[in-house]
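> Sequence first, then the predicted structure:
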Amino acid sequence: MPLRLAILSFWHVHARDYARQASAHPDTEITAVWDEDTARGRARAAELGARFHPDLGGLLARDDVDAVVVTCPTTAHREVITAAAAAGKHIFTEKVLAPTPAECADIVAAAKKSGVTVMLALPRLYEGYTTAIRQVLAGGALGRLTLVRVRLAHGGSVGEGWLPEHFYDPAATAGGALIDLGCHPMYLARLFLGRMPETVTASFGHVTQRAVEDNAVAVLRCVDGTLGVVEASFTAPASPFSIELHGTQASLVYGTPEPRLLLNTGGDWRELPLPAATGTPFDLFVRHVADGTRDEENLALGLDLTRLMAAATHSSREEGSRV
């Protein structure tokens, strides 16, 4: 029997992507849709040939829903995910898990009580370049790691401005470029650092004068002096996704701008092979549910991600020193 799914809201820009993945996957089918925006939900449900429920509780009471895809406003995650967990539904959710560590704790407790799987959409965790970088780090070629820098940007707030206006509503998003797009460089930086930093310092810019930031930098400082730099922007359409790792013996770079992984141990740059991606988060979620397993690293990084985002947001509200 296929895994029967419900889509919980089409608020997020990736909701339709997950709906397409679920519709195309041989082992899943979409049976129901709920959306806080009734008109939007009815329209998407009709496109999918699924039943629309204006009431979340009514949808979660259905016997033909095994799991849910949560793509509602970020600030509604705790309410929606804990309800789904209490109903015994497995959960695939957009990042972040929730805006605060306390909300994440409620979600984890609800999932543990019901014994359901929770998995976050952290796609770059499973890419070939991430696997290759982890192998280099494990081999010790860089020496002592001194700096990790990861940048991700797009032009969604400039030019044609394709990013939907509701992505600038702090009541729904809990933030802008960093908590949305910056999640990816943040969890990668945390992964490559190998530990949580001691402090987080962040600066947010409002290039387009929206209510949330559209340009952001966060600096993670570890107790031994190693630094992580996380950059995210909605205002740079040509900026490449890039990763830099520097150590006392070598440097490793990816995507500056070509998608190539290059290692320099003191001489010329040498290109390293990239293994295939281990799968999309959605594919892996379906597999975990079928096998009765969990991606413990995914959830652990998701919890650390919220801690880092909360610390960065707090730091950004402090006024910097004037020069």
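Cool, got the structure.

> make it CA atoms for all contacts and neighbour counts henceforth
OK.

> can I see the domain layout of the protein?
3-116, 124-279+309-316 (automatic domain parsing).

> For this protein, which helix extends over the most residues?
The longest helix of the chain (DSSP state H) is helix 296-316.

> what sits up against that helix?
95-101, 104, 118-120, 122, 175, 178-179, 183, 186-187, 190-191, 196, 200-204, 218 (C-alpha atoms under 8 Å, 6 or more residues apart in numbering).

> mind listing the helices for the protein?
Going by DSSP H, the chain shows helices at 15-24, 38-48, 56-60, 77-86, 101-114, 128-139, 170-173, 177-180, 183-193, 281-291, 296-316.

> The ones you listed: which one's closest to Pro240?
Nearest to Pro240, of all those, is helix 183-193, at 12.4 Å by C-alpha to C-alpha.

> I'd like the average pLDDT over the closest one.
Regarding helix 183-193, the rounded mean pLDDT is 98.

> Show me what that helix is packed up against.
Using 3 or more C-alpha pairs under 8 Å, 6 or more residues apart in numbering; DSSP states H and E, the elements in contact with helix 183-193 are strand 145-153, strand 227-233, helix 296-316.

> strands paired with the shortest one, and their directions?
Taking DSSP bridges as the criterion, strand 227-233 forms sheet pairs with strand 145-153 (parallel), strand 215-221 (antiparallel).

> State the mean pLDDT of it.
The average of the pLDDT scores along strand 227-233 is 98.

> CA-only coordinates of that strand in CSV, if you can.
In CSV, the C-alpha atoms belonging to strand 227-233 read as follows (Å, rounded to 0.1, in the frame of the first residue of the first chain):
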residue,chain,number,x,y,z
LEU,A,227,34.8,30.8,13.0
GLY,A,228,31.8,30.1,10.8
VAL,A,229,30.4,32.7,8.5
VAL,A,230,26.9,32.3,7.2
GLU,A,231,25.6,34.6,4.5
ALA,A,232,22.1,34.9,2.9
SER,A,233,20.4,37.4,0.7
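
> Next one: Arg151 from Gly255, what distance?
Look at Arg151 and Gly255: by C-alpha to C-alpha, to the nearest Å, they are 10 Å apart.

> what about Arg270, neighbour count?
When neighbours are counted by other C-alpha atoms under 10 Å, Arg270 registers 13.

> same check, this time on Glu319
Residues near Glu319, counting by other C-alpha under 10 Å, number 8.

> just the one 4 residues further on next, same as before
Burial measure for Val323: 3 neighbouring residues, criterion other C-alpha under 10 Å.

> do you know how far it is from Asp37?
With C-alpha to C-alpha as the criterion, Val323 and Asp37 are 47 Å apart.

> Check Thr131 too.
Thr131 is 39 Å from Asp37, by C-alpha to C-alpha.

> more neighbours, those two?
Between Thr131 and Asp37, Thr131 has the larger neighbour count (other C-alpha under 10 Å), namely 17 against 13.

> mind checking how far the residue nearest to that one when sequence neighbours are not counted is from Tyr126?
Nearest non-adjacent residue to Thr131, counting by C-alpha to C-alpha, 6 or more residues apart in numbering: Pro275, 7.2 Å away. Going from Pro275 to Tyr126 by C-alpha to C-alpha gives 10 Å.

> One more: Trp11?
In this view, Trp11 and Tyr126 are 25 Å apart by C-alpha to C-alpha.

> And the two? Which one has more around it.
Trp11 (22 against 17).

> Please look at the more buried one and Ala76 and confirm they touch.
No. If you go by C-alpha atoms under 8 Å, Trp11 and Ala76 don't touch, sitting 10.9 Å apart.

> quick revisit: C-alpha coordinates for the longest helix of the chain, CSV please?
Listed next in CSV are the C-alpha coordinates belonging to helix 296-316 (Å, rounded to 0.1, in the frame of the first residue of the first chain):
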residue,chain,number,x,y,z
GLU,A,296,18.6,11.1,13.8
GLU,A,297,21.2,13.4,12.3
ASN,A,298,18.5,15.3,10.3
LEU,A,299,16.5,16.0,13.5
ALA,A,300,19.5,16.9,15.6
LEU,A,301,20.8,19.4,13.0
GLY,A,302,17.2,20.8,12.8
LEU,A,303,17.1,21.4,16.5
ASP,A,304,20.6,23.0,16.4
LEU,A,305,19.4,25.1,13.4
THR,A,306,16.6,26.6,15.5
ARG,A,307,19.0,27.4,18.4
LEU,A,308,21.3,29.2,16.0
MET,A,309,18.6,31.1,14.2
ALA,A,310,17.1,32.2,17.5
ALA,A,311,20.6,33.4,18.7
ALA,A,312,21.2,35.2,15.4
THR,A,313,17.8,37.0,15.5
HIS,A,314,18.5,38.1,19.1
SER,A,315,21.9,39.4,18.2
SER,A,316,20.6,41.3,15.2
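
> and that helix with helix 281-291, angle?
140 degrees (axes from the mean of the first three to the mean of the last three C-alpha atoms, to 10 degrees).
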